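S.K.: A predicted structure for the sequence below; I have some questions about it.
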Amino acid sequence: MSLTNIFDIAGTGMAAQSLRLNTTASNIANADSASSSEGDVYRARKPIFSAIQQDVMSQALGGQAGELSASQGVQVQGIVESDAPLDMRFQPDHPMANEQGYVMYPNVNVVEEMADMLSASRSFQTNVSIMDSAKTMMQRLLTLGQ
């Protein structure tokens with residue numbers, strides 16, 4: 001792995017964490033949206049990530065197949081909706097109440113979403129720190145020849 005690959009790997013991590021922050025913000029923004037029917041209720045969304053694999057041995061051996069692979073970053077596989085049960089509250093005076101007097105609220109746990117937001121923010125900051133360290137190493141490498 002070359003030093004320049006670090007920027008690509010950290011960049012994919014930053015893009016993934018940015019998407020994670022956006023979906024978390026969307027979940028928090030819709031946490032109190034009410035609906036009278038189950039089909040119209042907002043459901044919590046979570047991104048699914050996977051590692052981008054690249055065959056290291058085939059690069060090192062000039063195209064021959066190898067058995068070792070290393071991660072070359074992260075990619076978004078998709079965004080899935082949570083299948084957790086919806087929050088049904090008995091509020092017969094609410095304008096969105098159904099025939100039984102229940103109002104449907106999203107299956108968003110605000111505390112869990114805030115923890116997820118903190119985790120994504122720190123992961124993003126870690127990737128920025130990695131890029132800064134790689135930049136510093138490359139600058140010091142250039143000054144070795146002076």
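M.R.: Arrived safely, thanks for sending.

S.K.: got the contact list for stretch 21-32?
M.R.: By C-beta atoms under 8 Å, 6 or more residues apart in numbering, the residues outside stretch 21-32 that reach it are 42, 44-47, 79, 105-106, 108, 110, 113-114, 116-117, 120-121, 124. The C-beta positions use only the backbone N, C-alpha and C, and glycine is treated the same way.

S.K.: Identify those among the residues you listed that sit within helices.
M.R.: Using DSSP state H, the subset of the contacts of stretch 21-32 located in helices is 110, 113-114, 116-117, 120-121, 124.

S.K.: ok, of those, which come out buried?
M.R.: 113, 116-117, 120, 124 (16 or more other C-beta atoms under 10 Å).

S.K.: Pipe those residues into TSV and attach pLDDT and distance to residue 87 per row.
M.R.: As requested, those are exported to TSV (pLDDT from 0 to 100; distance: C-beta to C-beta, whole Å):
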residue	pLDDT	distance to residue 87
113	95	14
116	95	18
117	96	20
120	96	24
124	96	30
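
S.K.: gap between residue 125 and residue 141?
M.R.: 25 Å (C-beta to C-beta, to the nearest Å).

S.K.: do residue 113 as well
M.R.: Taking C-beta to C-beta, one finds residue 113 at 42 Å from residue 141.

S.K.: before we move on, what about residue 88?
M.R.: For residue 88, the distance to residue 141 (C-beta to C-beta) stands at 61 Å.

S.K.: Which of the two has more residues huddled nearby?
M.R.: residue 88 (14 against 10; other C-beta atoms under 10 Å).
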